[in-house]
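# I'll drop the sequence and a predicted model, then ask my questions.
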Amino acid sequence: MKSLFWGDPLVVMEDNAPAHNSLVTQAQATRNTYLLRSLPCRTSSPDLNPIEESWSRMKDQIASLPNCPTTIETMQDSVWAAWSNIDQSIIQNIVDTMPTRIQAVILARGGHTCY
């Protein structure tokens, strides 16, 4: 198996969102099975990846811009600016609350939580 990084192939965890299940995405995943391994994920399972909250904050920042990005270049600039605007303490707080988040999922038996 070819590796994108050192060691094992990249493992992806997709949360069964519609974009992850589209025909185009599935075809791409099939063509690149030697680069990617997919970690099974239950339908509608909570996403505990700390980056998800950061993505949400970035999307909100981009959506609030006075001028919506209209090209790939302006979108890339907007994404980098939004990422740069997230204070490290916010990211650290997300990471620090992971034990609590995991416990909430366990108590909810895999169902929805406040996170």
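Good, I have the coordinates.
# please name the residues that touch residue 77.
Residues near residue 77 by Cβ atoms under 8 Å, 6 or more residues apart in numbering: residue 69. Where you see a C-beta, it was placed from the backbone N, CA and C, and this is true even at glycine.
# now name the helix or strand holding it.
Take DSSP states H and E as the rule and residue 77 turns out to sit in helix 72-84.
# and what of residue 102?
Taking DSSP H and E as the criterion, residue 102 maps to helix 98-107.
# who's in contact with that helix?
The contact list for helix 98-107 (Cβ under 8 Å, 6+ apart) reads 46, 48, 50, 111, 113, 114, 115.
# buried set for that helix?
By 16 or more other Cβ atoms under 10 Å, the buried positions in helix 98-107 come out as 101, 104, 105.
# still on that earlier bit, tell me which of the contacts of helix 98-107 fall in helices.
Among these, no member falls in helices (DSSP state H).
# right, I'll leave it there.
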